[in-house]
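K.L.:
model the structure of this input:
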Amino acid sequence: MILFFGTRPGKPATIKLLNTYCPYCEQRGTLTVVTHTNYFHLFWIKLFKISSTVMAECSHCKRGFYENEFTNTMLEDLQLLKQRS
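P.N.:
Below is the predicted model:
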């Protein structure tokens, strides 16, 4: 019997933070948060999430921020938008 298993990335989730200022260039409404997740799969069926990476990028200055670099306002706005979805 042959088993096909491994890891596979899921679709990235994108959220635009409209009321948040970029900590680097201080432009408002330019931050986009992208979440990448990796799943364990068996026969190409996703079973459970292994890991996820959250990053933000400013469309004005092109500066990227990892999740540990998020400001308190970025985290609060992200939580509010996730609760609404």
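
K.L.:
wait, what's in contact with the residue nearest the centre of the chain?
P.N.:
Geometric centre of the chain, nearest residue: residue 35, 1.9 Å, by CA atoms, centre = their mean. By CB atoms under 8 Å, 6 or more residues apart in numbering, the residues touching residue 35 are 12, 13, 14, 15, 52, 53, 54. Every C-beta, even on glycine, is put in place using the N, C-alpha and C of the backbone.

K.L.:
so it is in which element?
P.N.:
According to DSSP states H and E, residue 35 maps onto strand 31-42.

K.L.:
so what does whichever helix or strand comes after that strand touch, helix or strand wise?
P.N.:
Next along the chain after strand 31-42, taking DSSP H and E as the criterion, comes strand 45-58. Secondary-structure packing of strand 45-58 (3 or more CB pairs under 8 Å, 6 or more residues apart in numbering; DSSP states H and E): strand 31-42, strand 64-66.

K.L.:
parallel or antiparallel, which strands does strand 45-58 pair with?
P.N.:
According to DSSP bridges, strand 45-58 forms sheet pairs with strand 31-42 (antiparallel), strand 64-66 (antiparallel).

K.L.:
starting at the chain centroid, how far to the last one?
P.N.:
Chain-centre distance of strand 64-66: 10 Å, with CA atoms, centre = their mean, to the nearest Å.

K.L.:
please tell me how far residue 39 sits from residue 7.
P.N.:
Distance of residue 39 to residue 7, computed by CB to CB, to the nearest Å: 7 Å.

K.L.:
between those two, which contacts overlap?
P.N.:
Here residue 39 and residue 7 have residue 50 as joint contacts, going by CB under 8 Å, 6+ apart.

K.L.:
neighbour count for the two, which is higher?
P.N.:
Neighbour count, other CB atoms under 10 Å: between residue 39 and residue 7, residue 39 has more, with 17 against 11.

K.L.:
pLDDT score for the more buried one?
P.N.:
Looking at residue 39, its pLDDT is 94.

K.L.:
contacting residues for the residue nearest to residue 66 when sequence neighbours are not counted?
P.N.:
Nearest residue to residue 66, sequence neighbours excluded (CB to CB, 6 or more residues apart in numbering): residue 55, at 6.0 Å. By CB under 8 Å, 6+ apart, the contact set of residue 55 is 33, 34, 36, 64, 65, 66, 67.
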